[in-house]
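Participant: dropping the sequence and predicted coords here.
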Amino acid sequence: MSRRIVGPFNRVEGDLEVQLEIQGDRVADAWVVSPLYRGYEQILQGKDPLDALVYVPRICGICSVAQSVASAQALAAVQGNTSPPNGELATNLILGGENVADHLTHFYLFFMPDFAREVYRNEPWFEMGEKRFKATRGSAAQDVLGPRAEFMHLQGLLAGKWPHSLAIQPGGTTRAIAADERSRLIALLFAFRGFLQRTLFGDTLESVIALGSAAALEQWQHAAPAESSDMRRFLHLADALQLQTLGRAADRFMSYGAYGSLFASGVWHDGQVTALDQAAISEDVSHSWMQMQAEPRHPFEGVTLPSAEFDNGYSWCKAPRLGGEVVEVGALARQVIDGHPLIRDLVAQSGGNVRNRVIARLLEIARVTVAMEQWAHALKPGEPFYQPSLIPDEAQGFGLIEAARGSLGHWIKVKNGRIFNYQIIAPTTWNFSPRDQQQQPGALELALRDAPVRDGERNPVAVQHIVRSFDPCMVCTVH
Amino acid sequence: MSRRHTLLWLQSGGCGGCSLSLFNAESPNLFTALESAGIDLLWHPSLSEESDEELQQIIARILNGEIQLDFFCLEGSVIQGPNGSGMFHRQAGSDRPMRDHISELAEKAQQVIAIGSCAAFGGMTAAGDNPTEACGLQYDGNTVGGLLGKTFRSLGNLPVINIAGCPIHPNWVLQTLMQLAMDDMTTASLDELNRPRNYTDHLVHHGCPRNEYYEFKASAEKHSDLGCMMEHLGCLGTQARADCNTRLWNGEGSCLRGGYACINCTAPQFEEPNHSFQNTPKIAGIPIGLPTDMPKAWFVALAALAKAATPSRLKENAVFDHIRVVPGKKADDK
């Protein structure tokens, strides 16, 4: 038995360290460490509630809009405000645009480059992997930057800029779109669809969305050579490396639901979807570098007080639990809960794992892009995008949304017209949490158990795949 | 063709948003722009293959002089807390605070570049009571000093170059790097806060599409209104030093074009304006924080005159989210 400290991990957003206990050729146990603390929940105390819209996007440079939307939703609940239909559609477009761009960035820049590592040099597929996905030098990195940046023009039009926009407000968005601008959005989406169909999928978005089972996916994969698209390249590598056997966690999934009615909310376990109970969420700090508290707390009662003693924990991350249980969040969770037949079938066969998490993300790129086209068409130039309202002196509210990486919640309490308490639970806080007072490991800690270690590997490549399959965002985690 | 240059990019107390903004670079894209300037990426946290020990080795080879470090970019604030220990950001895989790695590398770099307002001045991470004791590389808010100290000069004999902004515009960074690679940057290229004058010789106000509303003091009253956002909605564009409305973001955008206030994010301590960001503080109905280089009495007099002369077209359009009255009609025949 030997203990190893692996880090810093790159191609994740922010700072991550993983401690591994290795037994023979397997990981026996793992501890996930967030070594950076930033203190946003402390910073927000006493502020004008609407100032949260300036602060919270800056928690995270990659899911900045998601933080805005969660905050705007919590503030709208505080106001009792609703958004006109245009405001909802524009918010969906801005958030959908960010989520799709994040999935794309994750796939091309963060996840795939690990298949071009030297450790795989003798694999029959290595040359394909290296030429296409080598970090910074592979053809894919060059191919994706342009279309990604052009797709971001949608943010320029609807949100002024990305990241760190103030366009999303409780009650709608600040930028009304005129008819000519709507056509521009539609044209940008059309161009982006073209890139996805040519390069990522090698097929229409509709054909990808229509894949109804694991068997249909397999048939689709072999209907064209691996080199015909990046998704097929990935599926080919996933087969060769048996990525469906890597990184299984508790197989209990949660989604807050996304984009109004597009993706359903709920909890999935043992093949059953049950309703989500927001009141059952709590955060435990028993293994965090936080000042001790007797019991886990619901975020409305949550406290964030870092401890400089470093004695009672191993991470700045708290441990959120749903009804005391560990849940996994992300695209796979969203798609299994929403009931997409391909993802349901894949999860029934092999659970949550490295391959299935990536497939769910790719499927979601297709599904959300198609939905974005519909939202853009549904915008009604000339009708309002925003409805004002006032913040009462005393109120509370929460916003539960889905960021690219999974469920994001903001809970706000207002007293005397100022922020009395503001608590945030980010997707990676769920996935990369430390142990809780019942000693239950977090989702990644669980997923790393039993990961294979190749001969002589100090930093096992399987661990790299498993960690990145969650698309972690550590800057959100340690807000 | 000039020689090639190396670049190391590290992150500390920040959000990573400046890197993500950098990936938005266009015409040409990020990799092509770096290649055009002969810049080799030694390591970047989101782009490089190397992880864990492989990075530690790159850093060790820079420190022992095996690799020359031309450009050292830091994104995010330097974290000094708790109690001056720096341990709110321990470098993963090591026992040391990130701060210590940063100061060692700065000593070895030809140029040290603060990417974004966090690395320049402390920025967002230093907001509120600054719970993490965050500061910038050579500034702590408005005060010169920061991590490296007032007298710090890089091996290339420049102070820390502060590419402030929250986030940075990709071309603020890329064009600075290109100029540095061409040896085309001196202290005269930097403003009083050591920001590249390429973008801080301008005001956000320049090129604002709401300029006519500003001229006639026809003001927006709520979000999504077309009018000028200075009087009521907290816009600091007339004071903020940046070229956001002439350079534009994500193709066609800027904060003001997006319908929300400029919060002066290139300035030290923008994160604590001492008033609500989206409301203009006023004394006796007059906004405080008027354009800095204009006598206040003149501004007030001109504003009163402009308000009296405001065309009804602007008055009306200012409080709607789309144009209701088109130009070209005479003042009294509406």
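Facilitator: Ah, there it is. Numbering: from 1, shown residues only, chains lettered A, B, ... in the order given.

Participant: let me know the pLDDT of B:Lys330.
Facilitator: As predicted, B:Lys330 sits at a pLDDT of 67.

Participant: in stretch A:16-34, what's buried?
Facilitator: Residues of stretch A:16-34 classed as buried by neighbour count (16 or more other CB atoms under 10 Å in any protein chain shown): A:16-22, A:27-34. Every C-beta, even on glycine, is put in place using the N, C-alpha and C of the backbone.

Participant: could I get the average pLDDT for stretch A:456-471?
Facilitator: Per-residue scores along stretch A:456-471 average to 93.

Participant: so how far is that stretch from its chain's centroid?
Facilitator: 18 Å (CA atoms, centre = their mean, to the nearest Å).

Participant: just the CA coordinates of it, formatted as CSV?
Facilitator: Extracted in CSV, the C-alpha atoms of stretch A:456-471 (Å, rounded to 0.1, in the frame of the first residue of the first chain):
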residue,chain,number,x,y,z
GLY,A,456,5.5,2.3,-13.2
GLU,A,457,2.8,5.0,-13.4
ARG,A,458,3.1,7.7,-10.8
ASN,A,459,0.2,9.7,-12.0
PRO,A,460,-2.1,7.0,-13.4
VAL,A,461,-3.6,8.0,-16.8
ALA,A,462,-6.9,6.2,-15.7
VAL,A,463,-7.1,8.7,-12.8
GLN,A,464,-6.7,11.6,-15.3
HIS,A,465,-9.6,10.2,-17.5
ILE,A,466,-11.9,9.7,-14.5
VAL,A,467,-11.2,13.2,-13.0
ARG,A,468,-11.7,15.0,-16.3
SER,A,469,-14.8,12.9,-17.2
PHE,A,470,-16.6,15.0,-14.6
ASP,A,471,-15.4,18.2,-16.3
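
Participant: for it, which positions count as buried?
Facilitator: Buried-residue list, stretch A:456-471, by 16+ other CB under 10 Å: A:459-471.

Participant: so which of the buried residues of stretch A:16-34 reach chain B?
Facilitator: A:Leu16, A:Glu17, A:Val33 (CB under 8 Å from any CB of the partner chain).

Participant: which of those residues fall within strands?
Facilitator: Taking DSSP state E as the definition of strands, these contribute A:Glu17, A:Val33.

Participant: what sits closest to B:Gly251 if chain neighbours are left out?
Facilitator: Distances taken as CB to CB, 6 or more residues apart in numbering or on different chains put A:His153 closest to B:Gly251, at 3.4 Å, once the chain neighbours are dropped.

Participant: make that B:Pro82, sorry
Facilitator: A:Ala308 (3.8 Å).

Participant: quick one: B:Cys228 from chain A, how far?
Facilitator: Separation of B:Cys228 from chain A (CB to the nearest CB, to the nearest Å) stands at 14 Å.

Participant: for B:Gln278, same thing?
Facilitator: Going from B:Gln278 to chain A by CB to the nearest CB gives 6 Å.

Participant: can you give me the pLDDT of the residue lying closest to that residue once chain neighbours are set aside?
Facilitator: Leaving aside its chain neighbours, B:Gln278 sits nearest to B:Gly234 (4.8 Å; criterion: CB to CB, 6+ apart). Reported pLDDT at B:Gly234 in the predicted model: 97.
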